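K.L.:
please work out how this folds:
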Amino acid sequence: MDNCIFCKIANGEIPTNKVYEDEVVIAFLDMSQITKGHTLLVPKKHVQDIFGYSSNDAGAVFKRIPLIANALNAAFPEMEGLNILNNNGETAFQTVMHSHIHLIPRYSKENDGFGLKWEPAAEGTYSDQDLKDIASTINQQIEG
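P.N.:
The predicted structure is shown next:
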């Protein structure tokens, strides 16, 4: 894509703080650095989001996550955890429409600049039958 910033980075048209590169992906520091070491793993092939991946392409990209995660863990011994996020679509807070995976080192639960709001549905929102129906609907799409 001509105007895609991640394509331009992957093609070497825009400089970045690269931490890893091979024939499939490039990993570089996120300019926003939510926490120290916040890294983006980006496929070199333009894929908008998870819905655009083939199984083979997804496998090739996602299998590189442990490499970067372990490098972050070794580089920052004070790191206490790691969030791995992949936002898909504007509603899910994807801001660059080229698939990318955030690896966000965590140094403290309280004040490291990152947080997630996770509110389960109110008790009783979904009955056992509702859950069975939802699972069946998804399963039918998988099995075709």
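K.L.:
point out where the protein drops to low pLDDT.
P.N.:
Along the chain, segments meeting pLDDT under 70 span 1.
K.L.:
which residue is most remote from the mean position of it?
P.N.:
Distance from the centre of the chain peaks at Gln129, with 32.2 Å (Cα atoms, centre = their mean).
K.L.:
now do the strands in the protein.
P.N.:
Using DSSP state E, the strands found in the chain span residues 18-21, 25-29, 39-43, 81-85, 101-106.
K.L.:
pairing partners for the second one, with directions?
P.N.:
Sheet pairing of strand 25-29 (DSSP bridges) gives strand 18-21 (antiparallel), strand 39-43 (antiparallel).
K.L.:
so of those strands, which one's packed in deepest?
P.N.:
Of all the strands paired with strand 25-29, strand 39-43 has the most neighbours on average by mean count of other Cβ atoms under 10 Å, namely a mean of 24. (Each C-beta comes from the backbone N, C-alpha and C, glycine too.)
K.L.:
and the strands paired with strand 25-29 as CSV, adding distance to Ile104?
P.N.:
Listed next are these as CSV, based on distance: least, Cβ to Cβ, whole Å:
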stretch, distance to Ile104
strand 18-21, 14
strand 39-43, 8
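K.L.:
surely Asp105 meets Thr35?
P.N.:
To be clear, residue 105 is Pro; Asp isn't right here. Yes: applying Cβ atoms under 8 Å as the test, Pro105 and Thr35 come out as touching, 5.2 Å apart.
K.L.:
who's more crowded, those two?
P.N.:
Using other Cβ atoms under 10 Å, the more surrounded residue of Pro105 and Thr35 is Pro105, with 23 against 19.
K.L.:
list the contacts of the more buried one.
P.N.:
By Cβ atoms under 8 Å, 6 or more residues apart in numbering, the contact set of Pro105 is 35-38, 72, 76, 79, 81-82.
K.L.:
tell me the one of the residues you listed nearest Phe114?
P.N.:
Thr35 (5.8 Å; Cβ to Cβ).
K.L.:
okay, now Gln48: neighbour count?
P.N.:
Neighbours around Gln48, by other Cβ under 10 Å: 16.
K.L.:
how close does it get to Ala74?
P.N.:
Separation of Gln48 from Ala74 (Cβ to Cβ, to the nearest Å): 32 Å.
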